[in-house]
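Undergrad: Show me the folded form of this:
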Amino acid sequence: MPETITERVDVTNAGGTVTIQLDANAGTATIGATPGNAGTLIVNAPAGEALRFDSLGAILTIGGPANGGDLRLVTATGDETFNFTAGAGLLRLGGGAVGGVLSVHAPAGEALRFDALGAVLRVGATGNAGDFSVRDASNRETALIQGGTGLLRLGAEGNGGDIDVVNSAGTQVFHVASAGATVRIGNTGSAGDLLIQDGSARTVLQFSGGNATLRIGNTENEGDIIVADNANREVFHFNANNSVLRIGTRGNEGDISVRDASDREVLQFDGEFAVLRIGASGNEGDLIVRDGSGREVFHVDGNNAVLRIGTAGNEGDISVRDASDREVFQFDANFAVLRVGAAGNEGDIICRDDAGNESIHLNGGAGDIILRNADVAEQFDLAVGVAAPPGTVMALAESGMLAPTARAYDRAVVGVVAGGGRYRSGIVMDHRAPADLPRVPIAMVGKAACRVDAAHGAVRVGDLLTSSPTPGCAMRAEDPGRAFGAVIGKALTPLDEGVGLVDMIISLQ
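TA: Below you'll find the model as predicted:
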């Protein structure tokens, strides 16, 4: 029969020290005694040592070289809820109807919790923020989740971090590459989109990879694009609500520059000088506007310096209005009409010469045509080999062409060449390019300067002038009978001696 012991049983070593103690009353088995005499409990299996409690190292060893150890805990209902399997290097918590939980505590409370039921890993707690750190083979921290600052950091110096997301087909559809500072969304067969929603769950920003489209804004939340310079000034603003693009601001004027394939600036909006430039050296600029039928109705041609307005089936007009919205200038191509002025704002047309002087004035208010120059002239053919400077007295030759007169009281005289002295022609009639012979304008009406030879008599203001024996010169007419039909004008200025220019009123008699 087995012996029943109701008291304490001590087992001592050779030195008399109790190394094993069985206490029935306390229900304890104590192995080892003093610090210098640690206890060890060994349980053997047929293959060798299977279980060892070593108090010196505070170690529990389950299994041995030929006998892998397991540690299993079961519930009252027989469900295995805890399993250490040495052969597989496995720790399993939970089983059956019981979800496993691994809880690790710090002095301030629970710091780490694996909860199988919710498939949750929690690191940190109130008063003790959690971190999750992963290091590479060189002991560089390459992944860090920092609970205190809400930070996720991937990569380290010498080992850049990436993020890859694959779809159910195993295709990489999202990739963050630190090496190229690149975010790629989408892949072959799976176009990528990026959606951002506002507080009302409206998609207000969408990058659509399938359509290569960026959409900003939504119903009741219009979209804007704003770019600021290094002084935080808003220098670029797309305003969708007002359909406005604003470029530049105070202290930083805006430009738009477009270049061609040869890097030439062919289109420039210059905000500083309020200038639009089109074209460049080697690439002339054009501005073309088409109507609703696709017809080119407005064309500024930089190569030929031409502005064309209108086309077949859509005639062109130019209309300019004043501050009171009156149409004061109109080119009407349909009727080939130019209208200048309107009720309450009379129109004028002014022409200036190369010195900037006003030479022709069409005065709409007075209904006048004002010619600042002195005479009405008409062109005639000049005889071959003849020189006729302005002011020269001219007569008809036998050929019907003009040559300087050399006879006194010559009834073939026609007048003087216009343009002498301070007078210029206001109107030149029969003005045409000569076929073979040169042409000269002869002053017919008004005032002109005439070459006079005072050797035939001093000229006084009011004297009648006629041809003289001096070639191309006039003289004072003293014989009324001979002067009839040979008078060319009346002197406005005197000439006492020599040959010179005398201003005269043209009066052919």
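Undergrad: how about stretch 486-501: buried residues?
TA: 486, 487, 488, 489, 490, 491, 494, 495, 500, 501 (16 or more other CB atoms under 10 Å). C-beta coordinates here come from the backbone N, C-alpha and C atoms, glycine included.
Undergrad: Just to be sure, which of the residues you listed are found in helices?
TA: Of the buried residues of stretch 486-501, none are assigned to helices by DSSP state H.
Undergrad: Next, the distance between the ends of stretch 295-311.
TA: One end of stretch 295-311 to the other measures 7 Å (CA to CA, to the nearest Å).
Undergrad: taking the mean pLDDT, what do you get for stretch 85-97?
TA: For stretch 85-97, mean pLDDT is 75.
Undergrad: no wait, stretch 339-357
TA: 90.
Undergrad: do stretch 304-317 as well
TA: Stretch 304-317 comes out at a mean pLDDT of 93.
Undergrad: Centre of the chain to that stretch, how far?
TA: Chain-centre distance of stretch 304-317: 30 Å, with CA atoms, centre = their mean, to the nearest Å.
Undergrad: residues in contact with it?
TA: When contacts are defined by CB atoms under 8 Å, 6 or more residues apart in numbering, stretch 304-317 is touched by residues 291, 293, 295-301, 318, 330-334.
Undergrad: Filter those residues down to the buried ones, ChimeraX style.
TA: With 16+ other CB under 10 Å as the criterion, this ChimeraX line picks the buried residues out of the contacts of stretch 304-317:
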select :297,299,300,330,331
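Undergrad: Quickly name whichever of the contacts of stretch 304-317 is closest to residue 146.
TA: Among the contacts of stretch 304-317, residue 300 lies closest to residue 146 (CB to CB), at 62.6 Å.
Undergrad: and the closest residue to that closest one other than its chain neighbours, what is it in contact with?
TA: In space, residue 300 comes closest to residue 287 once its chain neighbours are excluded; the distance is 4.0 Å by CB to CB, 6 or more residues apart in numbering. Contacts here follow CB under 8 Å, 6+ apart; on that basis residue 287 touches 278, 298, 299, 300.
Undergrad: Where does residue 287 sit, in terms of helix or strand?
TA: strand 286-290 (DSSP states H and E).
Undergrad: Listing partners with orientation, what would you give for that strand?
TA: strand 296-301 (antiparallel) (DSSP bridges).
Undergrad: Using CSV, list the CA coordinates for the strand it pairs with.
TA: This file holds the C-alpha atoms of strand 296-301, laid out as CSV (Å, rounded to 0.1, in the frame of the first residue of the first chain):
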residue,chain,number,x,y,z
GLU,A,296,-11.7,82.9,-90.9
VAL,A,297,-13.3,86.3,-90.3
PHE,A,298,-10.4,88.0,-88.5
HIS,A,299,-6.8,87.5,-89.3
VAL,A,300,-3.8,89.5,-88.2
ASP,A,301,-1.0,88.3,-90.5
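Undergrad: Report pLDDT for the residue nearest to residue 349 when sequence neighbours are not counted.
TA: Counting by CB to CB, 6+ apart, residue 362 is the residue found nearest to residue 349 once chain neighbours are left out, at 4.1 Å. We have a pLDDT of 84 for residue 362.
Undergrad: With adjacent residues omitted, what lies nearest to residue 289?
TA: Leaving aside its sequence neighbours, residue 289 sits nearest to residue 298 (CB to CB, 6+ apart; 3.7 Å).
Undergrad: domain parsing for the protein?
TA: 285-315, 318-366, 373-506 (automatic domain parsing).
Undergrad: how far does the second one stretch from start to finish?
TA: This points to domain 318-366. One end of domain 318-366 sits 25 Å from the other (CA to CA).
Undergrad: How far does that domain sit from its chain's centre?
TA: What separates the centre of domain 318-366 from the centre of its chain is 39 Å, taken as CA atoms, centre = their mean.
Undergrad: Could you do stretch 170-185 as well?
TA: On CA atoms, centre = their mean, the centre of stretch 170-185 falls 29 Å from that of its chain.
Undergrad: pLDDT on stretch 61-79, on average?
TA: In this model, stretch 61-79 carries a mean pLDDT of 77.
Undergrad: Can you give me the first-to-last residue distance of it?
TA: End-to-end distance for stretch 61-79, by CA to CA: 24 Å.
Undergrad: Tell me which residues are up against it.
TA: By CB under 8 Å, 6+ apart, stretch 61-79 touches 45, 47-52, 54, 80-87, 95-98.
Undergrad: do that again at 10 Å, thanks
TA: 42-54, 60, 80-98 (CB atoms under 10 Å, 6 or more residues apart in numbering).
Undergrad: Of those residues, which belong to helices?
TA: Judged by DSSP H, the contacts of stretch 61-79 include no members of helices.
Undergrad: Mind checking which of those residues are buried?
TA: In the contacts of stretch 61-79, the ones that pass as buried (16+ other CB under 10 Å) are 50, 51, 52, 53, 81, 82, 83, 84, 93, 94, 95, 98.
Undergrad: for the chain, longest strand please?
TA: Using DSSP state E, we find that the single longest strand of the chain is strand 439-453.
Undergrad: Of all pairs in the buried ones among the contacts of stretch 61-79, which one spans the longest distance?
TA: Comparing every pair within the buried ones among the contacts of stretch 61-79 by CB to CB identifies 52 and 98 as the most remote, at 29.6 Å.
Undergrad: and residue 105, what does it touch?
TA: By CB under 10 Å, 6+ apart, the neighbours of residue 105 are 111, 112, 113, 125, 128.
Undergrad: I'd say the last one and residue 109 touch.
TA: Yes. Using CB atoms under 10 Å as the test, residue 128 is close enough to residue 109 to be in contact (6.6 Å).
Undergrad: Looking at these two, which is more packed in?
TA: residue 128 (16 against 10; other CB atoms under 10 Å).
Undergrad: so how many other residues sit close to the closest residue in space to the more buried one that isn't next to it in sequence?
TA: Once flanking residues are discounted, residue 128 sits nearest to residue 108: 4.9 Å by CB to CB, 6+ apart. Applying other CB under 10 Å, we find 10 residues neighbouring residue 108.
Undergrad: got it, and residue 427?
TA: Residue 427 has 17 nearby residues by other CB under 10 Å.
Undergrad: so it, which of the three states?
TA: strand (DSSP: H, G, I helix; E, B strand; the rest coil).
Undergrad: That one is in contact with residue 445, isn't it?
TA: Yes. If you go by CB under 10 Å, residue 427 and residue 445 touch, sitting 8.6 Å apart.
Undergrad: what touches both of those two?
TA: 375, 376, 377, 378.
Undergrad: Most neighbours of all those, which one?
TA: residue 377 leads the shared contacts of residue 427 and residue 445 on contacts (other CB under 10 Å) with 29 neighbours.
Undergrad: Nearest the middle, which residue of the chain would you pick?
TA: When CA atoms, centre = their mean is applied to the chain, the residue found nearest the centroid is residue 256 (4.8 Å).
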